[in-house]
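J.: Need coordinates for the following:
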Amino acid sequence: MTRRTRRRSLLGLGYCLVLLLLCVQPGRAQDADRKVLKKVEAQYPSILKRRGIGGTVRLKVTVKADGSVKDVEILGGNPALADSAEKAVRQWRFAPGNDSTVTVAVTFDPNA
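T.: Numbers count the residues shown, from 1 in each chain. The predicted structure follows:
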């Protein structure tokens, strides 16, 4: 491979990467500004609260056009708190709109 061919290959690869980065917006949820109309608070497991165990659980929520929750996927957080967070978010209602996906965080604070 000559220097000129290698340089062209690298430039082409660089242009493709820049184009890809401009087209894809990682970590951004569709319709992230969708308003929550009904928010059910998560039940804090009493044993965890007494022991001072808290944290934040991140969830990916698929919302139907009518605003009801279609599916919930746990993205991260304390597994002991994730079940309570998921149960609560499944009861949430969002403003009507297109089917979309939003990312939400449920925080458990033992001092609250």
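
J.: For the rest of this, base every contact and every neighbour count on C-alpha atoms.
T.: OK.

J.: count of residues packed around L37?
T.: L37 has 11 neighbours, counted by other CA atoms under 10 Å.

J.: now what about the one helix or strand it maps to, what contacts it?
T.: Here L37 sits within strand 36-38, counting by DSSP states H and E. With CA atoms under 8 Å, 6 or more residues apart in numbering as the test, strand 36-38 has contacts from 91-95.

J.: Which ChimeraX command selects the buried ones in these?
T.: This is the ChimeraX syntax for the buried subset of the contacts of strand 36-38, where burial follows 16 or more other CA atoms under 10 Å:
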select :92,93,94,95
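
J.: Let's have the contacts of strand 36-38 in TSV, adding distance to K70 and pLDDT.
T.: As requested, the contacts of strand 36-38 are arranged in TSV below (distance: CA to CA, whole Å; pLDDT from 0 to 100):
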residue	distance to K70	pLDDT
Q91	10	97
W92	10	97
R93	10	97
F94	11	96
A95	14	95
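
J.: Where do the strands of the protein begin and end?
T.: In the chain, the strands defined using DSSP state E lie at 36-38, 55-63, 69-76, 93-94, 100-108.

J.: shaky segments in the chain?
T.: Where the chain drops to pLDDT under 70, the residues are 1, 3-33.

J.: what do you get if the cut-off is 90, keeping everything else the same?
T.: Within the chain, the ranges that satisfy pLDDT under 90 run 1-34, 112.

J.: tell me the residue furthest from the middle of it?
T.: The centre of the chain is farthest from one residue, T2, which by CA atoms, centre = their mean lies 46.4 Å away.

J.: So what's the gap between the strand holding L37 and the chain middle?
T.: Distance of strand 36-38 from the chain centroid (CA atoms, centre = their mean, to the nearest Å) equals 17 Å.
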